[in-house]
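K.L.:
Sequence and predicted structure below; questions after.
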Amino acid sequence: MSDLQTEAKTLEDQFTSAIADAETLDALEQVRVAALGKKGRVSELMKGLGKMSPEERKEAGPLLNGLKTRIADAITARQAMLHEAALEVQLEQERVDVTLPVAAAPAEQGRIHPNSQVMDEIVAIFADMGFDVKEGPDIETDEYNFTALNIPPEHPARQMHDTFYFHEQEDGSRLLLRTHTSPVQVRTMRSEKPPHRFIAPGRTFRCDSDQTHTPMFHQVEGMVIDETTHMGHLRWTLEEFARAYFEVDSVEMRFRPSYFPFTEPSMEVDIRCDRSGKDVKIGQGDDWMEILGCGMVNPNVLSASGLDPEVYQGFAFGIGIDRLAMLKYGAPDLRAFFDGDLRWLKHYGFSALDVPSLYGGLSR
Ligand code: DAH
């Protein structure tokens with residue numbers, strides 16, 4: 001064996017075992033550089049080919065090329081093996097637990113305020129009975145909030161409303177924050193042709209604050225006007241509403257004579273309930289709770305709204321939305337409704353994706 005053959009054999013043995021011993025891709029790369037890199041042992045040997053005679057090169061060329069190819073192949077094979085092994089380790093370590101719950105999307109984290117939820121429920125119920133939904137402005141005139149509703153200046157009912165007034169205008173009149181949603185009755189009757197059948201939910205304001213009163217609160221007004229609507233219709237409508245809203249088979253209602261300037265006769269409506277436990281139970285028990293005011297629309301209101309009371313008649317009602325929300329969803333203090341506390345909203349709020357409907361269920 002020539003010296004070159006011996007050297008080639010030694011290098012091959014040495015690198016072959018170094019390749020087999022390389023435990024990582026980094027270690028293998030070091031072996032590759034030591035053998036085949038620019039200054040590697042095999043590369044150095046091959047540089048010698050140029051100085052050889054053609055005779056010598058004939059023998060040394062295939063010898064060294066063979067050496068280089070076998071070492072390169074061995075490195076490639078080992079590389080593939082180490083890659084494979086590294087992947088196995090990674091797969092073993094990086095497990096995905098597909099049984100973990102999915103993180104909530106933003107639309108699911110957000111919450112609908114109980115008040116908005118209850119308004120949506122009320123709209124769903126009355127829309128199903130064929131009612132339109134109307135809106136009126138929060139800032140009203142004295143005319144719409146009082147006078148046209150048969151509450152002239154100096155009428156004692158004005159004092160009961162604890163009205164927030166704005167500064168006096170040049171003509172001496174004062175705008176105000178509407179104290180109830182009833183002005184929408186007049187606005188609608190003046191701007192649209194009868195028959196009327198609508199509800200008008202919205203914000204209302206009175207200078208009042210305790211556990212069940214806030215300066216800003218919510219009402220929904222209801223009105224039906226045509227030539228034949230009578231008190232039987234009123235009663236059925238309200239009972240149907242209460243039954244649907246409280247999601248019970250039947251509710252017992254009590255119509256108490258009362259007084260509102262804009263209705264004649266006027267009634268306050270109580271529902272049977274049980275207040276002995278922590279939560280109020282609707283439809284059972286020995287207690288009564290007032291939930292709304294209503295009546296047949298006063299002829300003076302029809303006249304003030306441009307309708308002939310000899311031809312048209314109908315009913316109206318006003319419901320406190322916040323109270324209904326507290327009743328149904330068990331929140332004890334109305335003031336917390338308007339604190340803007342996210343923890344409260346997380347507890348009492350509703351998913352934005354559960355839109356209340358009569359066929360899908362009002363609340364789930
Ligand atoms: N507007 C009344 C209030 O805020 C509620 C009300 C009572 C409205 C009787 C009506 C009604 O439409 O007929 O106290």
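P.N.:
Nice, thanks for sending it over. Residues are numbered from 1 along each chain as shown.

K.L.:
okay, now the closest residue to the ligand within the stretch 1-150 of the chain: neighbour count?
P.N.:
Residue of the stretch 1-150 of the chain nearest the ligand, by CB to the nearest ligand atom: residue 149 (8.0 Å). Glycine gets a C-beta too; all of them are placed from N, C-alpha and C. Residue 149 has 27 neighbouring residues, counting by other CB atoms under 10 Å.

K.L.:
swap in the one 5 residues further on?
P.N.:
Neighbours of residue 154 under the rule other CB under 10 Å: 7.

K.L.:
doesn't it fall inside a helix?
P.N.:
No: counting by DSSP: H, G, I helix; E, B strand; the rest coil, residue 154 is not part of a helix but coil.

K.L.:
And the pLDDT for the residue of the stretch 1-150 of the chain closest to the ligand?
P.N.:
Predicted confidence (pLDDT) for residue 149: 97.

K.L.:
same thing with residue 171?
P.N.:
pLDDT at residue 171 comes out at 91.

K.L.:
and it, what are its phi and psi?
P.N.:
phi -80, psi 10 (degrees, to the nearest 10).

K.L.:
show me what contacts it?
P.N.:
By CB atoms under 8 Å, 6 or more residues apart in numbering, the contact list for residue 171 is empty.

K.L.:
cool, residue 348 as well?
P.N.:
114, 329, 331.

K.L.:
same check, this time on residue 13
P.N.:
No contacts exist for residue 13 under CB under 8 Å, 6+ apart.

K.L.:
before we move on, the earlier item: is it true that the residue of the stretch 1-150 of the chain closest to the ligand touches residue 186?
P.N.:
Yes: at 6.5 Å, residue 149 and residue 186 qualify as touching, with contact defined as CB atoms under 8 Å.

K.L.:
Now the common contact residues for those two.
P.N.:
What both residue 149 and residue 186 touch, as defined by CB under 8 Å, 6+ apart, is the set 301, 304.

K.L.:
what's the helix or strand for the residue in the stretch 51-200 of the chain positioned nearest to the ligand?
P.N.:
Per CB to the nearest ligand atom, residue 180 is where the stretch 51-200 of the chain lies closest to the ligand, at 3.3 Å. Residue 180 belongs to no helix or strand when elements are defined using DSSP states H and E.

K.L.:
Next, the closest residue to it other than its chain neighbours: secondary structure please.
P.N.:
Take residue 180 and drop its neighbours on the chain: the residue closest to it by CB to CB, 6 or more residues apart in numbering is residue 204, 5.5 Å away. Look at residue 204: counting by three-state DSSP, its state is strand.

K.L.:
Let me see the residues that make contact with stretch 183-197.
P.N.:
Residues contacting stretch 183-197 (CB under 8 Å, 6+ apart): 130-132, 134-136, 140, 144-145, 148-149, 198, 200, 202, 221, 223-227, 262, 297, 301-302, 304-307, 312, 314, 316.

K.L.:
Put the alpha carbons of that stretch into PDB.
P.N.:
What follows is stretch 183-197, C-alpha atoms only, in PDB (Å, rounded to 0.1, in the frame of the first residue of the first chain):
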ATOM      1  CA  PRO A 183     -94.100  62.500  24.900                       C
ATOM      2  CA  VAL A 184     -93.500  59.900  22.100                       C
ATOM      3  CA  GLN A 185     -97.300  59.300  22.100                       C
ATOM      4  CA  VAL A 186     -97.900  62.900  21.000                       C
ATOM      5  CA  ARG A 187     -94.900  63.000  18.700                       C
ATOM      6  CA  THR A 188     -96.100  59.900  16.900                       C
ATOM      7  CA  MET A 189     -99.800  60.900  16.700                       C
ATOM      8  CA  ARG A 190     -98.900  64.300  15.300                       C
ATOM      9  CA  SER A 191     -96.500  63.000  12.600                       C
ATOM     10  CA  GLU A 192     -98.200  59.800  11.500                       C
ATOM     11  CA  LYS A 193    -101.700  58.700  10.400                       C
ATOM     12  CA  PRO A 194    -103.800  56.400  12.600                       C
ATOM     13  CA  PRO A 195    -104.100  53.600  13.400                       C
ATOM     14  CA  HIS A 196    -101.200  53.500  15.800                       C
ATOM     15  CA  ARG A 197     -99.600  50.500  17.400                       C
END
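
K.L.:
need the helices for the chain, in chain order.
P.N.:
Using DSSP state H, the helices of the chain run over 3-21, 25-36, 41-47, 54-93, 106-109, 114-128, 142-145, 183-191, 231-245, 299-304, 321-329, 342-348.

K.L.:
And for this structure, the residue most distant from the center?
P.N.:
Here the chain reaches farthest from its C-alpha mean at residue 55, the gap being 87.4 Å by CA atoms, centre = their mean.

K.L.:
for the closest residue to the ligand within the stretch 151-300 of the chain, what are its contacts?
P.N.:
Nearest residue of the stretch 151-300 of the chain to the ligand: residue 293, at 2.9 Å (CB to the nearest ligand atom). For residue 293, the contacting residues are 258, 260, 263, 266, 267, 268, 269, 317, 318, by CB under 8 Å, 6+ apart.

K.L.:
can I get the residues you listed in TSV with pLDDT and neighbour count?
P.N.:
Output for the contacts of residue 293, formatted as TSV (pLDDT from 0 to 100; neighbours: other CB atoms under 10 Å):
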residue	pLDDT	neighbour count
258	97	15
260	95	22
263	98	24
266	98	18
267	98	24
268	97	17
269	96	23
317	98	22
318	98	22
